[in-house]
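[1] quick one, what's the 3D model for this:
(2 chains)
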There are 2 protein chains.
Amino acid sequence: MQDSRISDAVVHRLPKYYRYLSELEIAGIERVSSSRMSVDMNLNASQIRRDLNCFGGFGQQGYGYQVNRLKQEIMKILGIGSSYKAVIVGAGNIGQALLKYRHFNDEGYHIIAVFDADPSVIGRRVGTINIREMSELPQFMKENKVDIGIISVPKQYAQQTADDLVSMGVRGIWNFAPVDVEARKGISVENVHLSDSLYILSYHMRENNESY
Amino acid sequence: MQDSRISDAVVHRLPKYYRYLSELEIAGIERVSSSRMSVDMNLNASQIRRDLNCFGGFGQQGYGYQVNRLKQEIMKILGIGSSYKAVIVGAGNIGQALLKYRHFNDEGYHIIAVFDADPSVIGRRVGTINIREMSELPQFMKENKVDIGIISVPKQYAQQTADDLVSMGVRGIWNFAPVDVEARKGISVENVHLSDSLYILSYHMRENNESY
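    Residues are numbered from 1 along each chain as shown, chains lettered A, B, ... in the order given. Coordinates of the predicted model:
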């Protein structure tokens, strides 16, 4: 099918297009040209046209792209707005921050439960959800069709947690533990490393420092 | 100088090399070949050799790379282990999570203060730091040489906060508000969008779903 020909580099730019188009929509802008996008997004205009052509973009010469239609198309490709059920394992700082960030819910990523091994936090209410005891996880996973497992446990438990979640039926792992976890073919994994962008930042600070 | 010829794509892979080499070091491994790295890191071996050659890597035919030496070189390029002072503006969930994550401190990124506009949190202790009132920010910035401003305020305040921090002397902005902020030439900015990796995850879940 068409989507599967989209290169990884393009896929990684799609969230940026999505955020940009969402901002335009909020501002009431209905059409946008690739040259305007180029300036606003700091990307090459011909690259933008190539990217959007990959999935049959809707640009017309001298007319531009329809903001809403293009946004909807990108959402469909990324799976935004489909309904996903997610659980968080690890109710530490990152786990709680994710739980409280309601925007995910608005976009169809529903966090329906959070689990932790620390008895002192079990039962505590975070937003609209009570933190559950880890031992309840298997039963919960049997009773609920959970699509995504979000991992925010200490790094030494991350891979085991991922293995457990996969064996309990999740199709995707979103991992915030500071170690890469792996899963068998057919299971999607995104490892998030917050520090990486800090390292990139200090790299650029050094570079800037040397050229000024 | 040599570093400035490193392409953006290579720079973005350096944190991954750094994390990998750190793990090897912890495991007591002193040398590693590009083919072993290739398997472990799921990257092409010739790409690894090209990447590491960019900054004069230390591989020897049939001998491999010296783990510690290569790691030190990458740290130097990324600026890890140099000493940076940082402040956080916005003591919400993300701000507090960053504050509590001591690993940054160990790597030389010292968060020395956190500010918030909400009177109900002022004075509250997070880890070893008390949350300060926003009005104290200008005076604090005069008294301390702060390198990095970390932004975790609601998105409508993000750009103004960035502008303020830059005018008060920071050379780098690490932004977690869900909107891109910009700064004048010479100031480094990294905008972090947690949701982006969730979108990529659901993209791959859709793809996997369709091919199984």
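
[2] pLDDT below threshold where in chain A?
    A:1-5, A:56-61, A:211-212 (pLDDT under 70).

[3] how is it divided into domains?
    A:3-78, A:84-195 (automatic domain parsing).

[4] any chance of those in JSON lines, with mean neighbour count and distance to chain B too?
    Glycine gets a C-beta too; all of them are placed from N, C-alpha and C. Shown next, in JSON lines, are those (neighbours: other C-beta atoms under 10 Å in any protein chain shown; distance: least, C-beta to the nearest C-beta, whole Å):
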{"stretch": "domain A:3-78", "mean neighbour count": "16", "distance to chain B": "4"}
{"stretch": "domain A:84-195", "mean neighbour count": "18", "distance to chain B": "3"}
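
[5] and the ones you listed as CSV, adding distance to B:Gln66?
    Converted to CSV, the domains of chain A look like this (distance: least, C-beta to C-beta, whole Å):
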stretch, distance to B:Gln66
domain A:3-78, 31
domain A:84-195, 23
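
[6] relative to B:Gly108, which of those domains is closest?
    domain A:84-195 (11.6 Å; C-beta to C-beta).

[7] quote the end-to-end distance of that closest one.
    With C-alpha to C-alpha, to the nearest Å as the measure, domain A:84-195 spans 27 Å from end to end.

[8] nearest to B:Leu78, out of the domains of chain A?
    So among the domains of chain A, domain A:84-195 is nearest, using C-beta to C-beta, at 10.1 Å.

[9] what separates that closest one from the chain centre, distance-wise?
    14 Å (C-alpha atoms, centre = their mean, to the nearest Å).

[10] could you do stretch A:73-81 as well?
    12 Å.

[11] where along chain A do the strands fall?
    For chain A, applying DSSP state E gives strands covering A:31-32, A:65-66, A:84-89, A:109-116, A:125-126, A:129-133, A:148-151, A:172-175, A:188-191.

[12] now distance to B:Gly90 too, for those strands, in a markdown table please.
    What follows is the strands of chain A, written out as a markdown table (distance: least, C-beta to C-beta, whole Å):
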| stretch | distance to B:Gly90 |
| --- | --- |
| strand A:31-32 | 31 |
| strand A:65-66 | 34 |
| strand A:84-89 | 22 |
| strand A:109-116 | 22 |
| strand A:125-126 | 19 |
| strand A:129-133 | 23 |
| strand A:148-151 | 22 |
| strand A:172-175 | 23 |
| strand A:188-191 | 25 |
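
[13] right, and those - which one's nearest B:Ala9?
    Across these, closest to B:Ala9 is strand A:188-191 (C-beta to C-beta), at 18.4 Å.

[14] can I get the CA coordinates of the closest one in PDB?
    Extracted in PDB, the C-alpha atoms of strand A:188-191 (Å, rounded to 0.1, in the frame of the first residue of the first chain):
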ATOM      1  CA  SER A 188       6.600  -1.200  17.600                       C
ATOM      2  CA  VAL A 189       9.000   0.400  20.000                       C
ATOM      3  CA  GLU A 190       9.900   4.100  20.500                       C
ATOM      4  CA  ASN A 191      12.700   4.700  23.000                       C
END
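
[15] hmm, who's touching it?
    With contacts defined as C-beta atoms under 8 Å, 6 or more residues apart in numbering or on different chains, strand A:188-191 is touched by A:162, A:171-175, A:179-183, B:197-198, B:200-201, B:204-205, B:207-208.

[16] cutoff 10 Å now
    A:148-149, A:151, A:158, A:162, A:166, A:170-183, B:16, B:19, B:196-209 (C-beta atoms under 10 Å, 6 or more residues apart in numbering or on different chains).

[17] quick one, what contacts the nearest residue to A:Asp40 once chain neighbours are set aside?
    Spatial nearest neighbour of A:Asp40, excluding adjacent residues (C-beta to C-beta, 6 or more residues apart in numbering or on different chains): A:Tyr20 at 6.6 Å. The neighbours of A:Tyr20, taking C-beta under 10 Å, 6+ apart as the test, are A:Val32, A:Met37, A:Asp40, A:Met41, A:Leu43, A:Val67, A:Leu70, A:Lys71, A:Ile74, B:Asp180.

[18] quick one: A:Ala45 and A:Tyr65 touch, right?
    No. The criterion here is C-beta atoms under 10 Å, and A:Ala45 misses it with A:Tyr65 at 11.9 Å.

[19] who touches both of these two?
    The contact lists of A:Ala45 and A:Tyr65 share A:Ser33, A:Ser34, A:Arg36, A:Met37, where a contact means C-beta under 10 Å, 6+ apart.

[20] now for the last one: which residues touch it?
    Shown in contact with A:Met37 (C-beta under 10 Å, 6+ apart): A:17, A:20-21, A:24, A:43, A:45, A:48-49, A:51-52, A:59, A:64-65, A:70.

[21] what about 7 Å?
    Contact partners of A:Met37, counting by C-beta atoms under 7 Å, 6 or more residues apart in numbering or on different chains, are A:Ile48.

[22] ok so, going back, farthest pair within the contacts of A:Tyr20?
    A:Leu70 and B:Asp180 (18.5 Å).

[23] chain neighbours aside, what residue packs nearest to A:Val67?
    Spatial nearest neighbour of A:Val67, chain neighbours left out: A:Leu24 (4.9 Å); criterion: C-beta to C-beta, 6+ apart.

[24] distance of that neighbour relative to A:Ile112?
    Separation of A:Leu24 from A:Ile112 (C-beta to C-beta, to the nearest Å) stands at 32 Å.

[25] same deal with A:Ser38?
    From A:Ser38 to A:Ile112 the distance is 41 Å (C-beta to C-beta).

[26] could you do A:Val146 as well?
    7 Å.

[27] with A:Tyr101 instead?
    15 Å.

[28] and A:Gly64, by the same measure?
    For A:Gly64 relative to A:Ile112 (C-beta to C-beta), the value is 40 Å.

[29] if we can go back for a sec, just checking, which of the shared contacts of A:Ala45 and A:Tyr65 belong to helices?
    A:Ser34, A:Arg36, A:Met37 (DSSP state H).

[30] show me where chain A has its helices.
    A:8-26, A:34-41, A:45-54, A:67-78, A:93-100, A:103-106, A:137-143, A:158-167, A:194-211.

[31] name the nearest residue to A:Lys145, sequence neighbours excluded.
    A:Lys85 (6.3 Å).

[32] should've said A:Glu107
    In this structure, A:Glu107 finds its nearest non-sequential neighbour in A:Ile80, 5.3 Å apart by C-beta to C-beta, 6+ apart.
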